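Engineer: Task: produce atomic coordinates for the following.
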Amino acid sequence: MKKLLSVVLVMLLAVGMTGCGSSSNGKTELLIGVSPDYPPYESYNNKKEMVGFDIDMTKELVKIMNKNGGNYSYKFKALSFDAISSSITSDQVDLGISGFTYHKEWKNILWSHAYNTSEQIALVKGDSTFSKVSDLEGKKIGAQLGATGVDAAKSVKGATVTTVKDAKILVETLKSGGLDSVVLDGAVAENYAKNAGLKMIDEPLIKEENMIITKKGNDKLMKDVNKAVDEFVKSDKYNELKTKWGC
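Structural biologist: Residues are numbered from 1 along each chain as shown. Here you go, the predicted structure:
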């Protein structure tokens with residue numbers, strides 16, 4: 001019985017490990033890691049459907065990749081933001097598309113050409129007297145674990161920085177008074193400011209670019225992605241989606 005259980009366990013683990021780049025109906029299925037707590041890049045709507053700029057962009061990129069000779073299909077996998085990079089390097093997902101910006105410390109990651117520019121912006125409560133970054137010196141600032149917002153928050157003199165996996169929890173903690181400010185990507189901060197009664201400090205802490213990630217060694221896949229990104233950002237569809245999602 002122990003031997004049988006061991007065999008079953010190995011089989012289950014093998015199934016769990018072979019989802020990446022698997023072939024489905026003759027197509028190479030890409031498993032794409034996203035963090036759906038980050039509107040307007042990706043989030044769930046009221047119907048529990050995943051929506052956002054990155055979601056729509058992925059559909060367009062795969063269309064372009066296939067038009068250019070590829071044979072890809074795709075499936076999204078919801079993960080916490082900080083778990084996507086480790087899922088990439090452990091072959092649990094093929095691509096990470098979640099408003100990523102370059103981390104020089106990520107040695108086993110390939111970075112695509114940039115598909116958008118962004119900023120790290122501080123959010124405060126709607127009735128806060130804070131109006132500039134220097135007002136946040138020595139204050140309690142929250143940022144999303146694994147995001148460049150952590151470095152941005154730490155750049156504020158004397159700030160006590162708290163990291164949390166879920167951006168929604170950061171925002172709720174800010175609203176309840178547990179934090180003085182939260183640092184998020186500019187488009188995400190603007191979305192929460194509009195929908196959560198918060199306001200942005202217009203002075204950006206960091207300016208950066210958004211990229212797609214894959215594991216180092218996936219050169220053919222990244223070549224196809226880069227070619228598609230380059231074509232996409234020159235298209236009318238790109239401008240249409242940026243207007244649609246406010247990115």
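Engineer: Report all helices and strands that the strand ranked longest in the chain contacts.
Structural biologist: Longest strand of the chain, by residue count under DSSP state E: strand 198-215. On a contact count with 3 or more Cβ pairs under 8 Å, 6 or more residues apart in numbering; DSSP states H and E, strand 198-215 meets helix 81-89, strand 95-100, strand 109-111, strand 116-125, helix 149-154, helix 167-175, helix 186-196, helix 219-232. To be clear about C-beta, it is placed using only N, CA and C from the backbone, and glycine gets the same treatment.
Engineer: Run the angle between it and strand 95-100 for me.
Structural biologist: On the basis of axes from the mean of the first three to the mean of the last three Cα atoms, to 10 degrees, strand 198-215 is oriented at 150 degrees to strand 95-100.
Engineer: What are the phi and psi values at residue 148?
Structural biologist: phi -70, psi -10 (degrees, to the nearest 10).
Engineer: And the nearest residue to it once chain neighbours are set aside, what's its pLDDT?
Structural biologist: Here the nearest residue to residue 148 in space, its sequence neighbours aside, is residue 101; by Cβ to Cβ, 6 or more residues apart in numbering that works out to 4.9 Å. With respect to pLDDT, residue 101 scores 88.
Engineer: Was I right to think residue 101 contacts residue 211?
Structural biologist: Yes. Assessed by Cβ atoms under 8 Å, residue 101 is found in contact with residue 211 at 6.9 Å.
Engineer: follow-up on the earlier one: out of the helices and strands packed on strand 198-215, deepest packed?
Structural biologist: For those, ranked by mean neighbour count under the definition mean count of other Cβ atoms under 10 Å, the leader is strand 95-100 at a mean of 27.
Engineer: roughly how far apart are the residue nearest the centre of the chain and residue 41?
Structural biologist: With distances taken as Cα atoms, centre = their mean, residue 98 lies nearest the centre of the chain, 2.0 Å away. From residue 98 across to residue 41, the span is 6 Å (Cβ to Cβ, to the nearest Å).
Engineer: mind checking the SS state of residue 157?
Structural biologist: In three-state terms, and counting by DSSP: H, G, I helix; E, B strand; the rest coil, residue 157 is coil.
Engineer: where's the closest residue to it other than its chain neighbours relative to residue 130, distance?
Structural biologist: Nearest residue to residue 157, sequence neighbours excluded (Cβ to Cβ, 6+ apart): residue 137, at 4.5 Å. Between residue 137 and residue 130 the computed distance is 10 Å (Cβ to Cβ).
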